[in-house]
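Asks: turn this into a structure:
(one chain, ligands or ions: 1)
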Amino acid sequence: MISRELAESAISIRSIQHFIYCPHRWGLIEIDRAWAENYFVTKANIMHERVHDSDNHYNARGKRVYTAVPVYNDEKEYNLYGVVDCLEESEKGLCVVEYKPTKPKDADYRDDDLMQVFAQKICVDYIFRCDCDTVLYYGDVRRRVKLPLRERYDFYDAKLKDFLTRMRNYMKRGEIPEIGRSQRCNGCSMKDLCMPKTSVSGTVRKMITDTVSDD
Ligand code: SF4
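Replies: Next comes the predicted model:
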């Protein structure tokens, strides 16, 4: 049976991605329970809904394809859960396929997308006792990009554990991380809630707290 402590400290794979993109945004979502959608979020959701249309397995090009596969890894050092867009099974073994609407202009992948798939690999390898392949599929260019996760496993493993530790520490303290000085906000769906330029420190919460404590 899962202990209460383990259940309470479980982290969703999706929230790791939020944390990497902007720790402040992650805090608004996970600690303040705020959420807002925009064009980018809606487009990504529609694409995922198509993938997750589950009657969730079929055969294609000699592969057995499973969609919307729930995964987890309950080892204490990870304690993760989430859903894999697509898991392909072939004579080569298992391959995680994560769908993204748009390929970045100047790179093969974004760091937060790579870490999302690494966390999925940690779960799939744990459940199926394997060493799965990992690819991103970009809808706009209809192309797959293989991720170098097996080759740089130790590097990404250390990074993932560091993110998880930091997230758990913030959660324990109930603290929303400050906005980073070099944070890029283009395309963020939370701009209207966050108002990043509203105060010196960049947080509405801080501005309200300051106002209240001045009274
Ligand atoms: S608007 Fe900028 S600082 Fe605020 S949550 Fe979005 S990315 Fe983070």
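
Asks: thought residue 26 was touching residue 167?
Replies: Yes: counting by CB atoms under 8 Å, residue 26 does reach residue 167; the two are 7.3 Å apart. C-beta: built from backbone N, CA, C; applies to glycine.

Asks: need the overlap of contacts for these two.
Replies: Residues touching both residue 26 and residue 167 (CB atoms under 8 Å, 6 or more residues apart in numbering): 15, 19.

Asks: which other helices and strands contact the top helix by length along the chain?
Replies: What stands out as the longest helix in the chain, according to DSSP state H, is helix 153-173. In terms of contacts (3 or more CB pairs under 8 Å, 6 or more residues apart in numbering; DSSP states H and E), helix 153-173 is packed against strand 11-12, helix 13-21, helix 23-30, helix 111-128.

Asks: quick one, the second one and helix 111-128 angle?
Replies: Angle, helix 13-21 to helix 111-128, by axes from the mean of the first three to the mean of the last three CA atoms, to 10 degrees: 150 degrees.

Asks: which neighbouring elements make contact with helix 13-21?
Replies: helix 23-30, strand 80-90, helix 111-128, helix 153-173.

Asks: any chance of JSON lines for these, columns distance to residue 184?
Replies: As requested, the helices and strands packed on helix 13-21 are exported to JSON lines (distance: least, CB to CB, whole Å):
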{"stretch": "helix 23-30", "distance to residue 184": "11"}
{"stretch": "strand 80-90", "distance to residue 184": "25"}
{"stretch": "helix 111-128", "distance to residue 184": "12"}
{"stretch": "helix 153-173", "distance to residue 184": "18"}
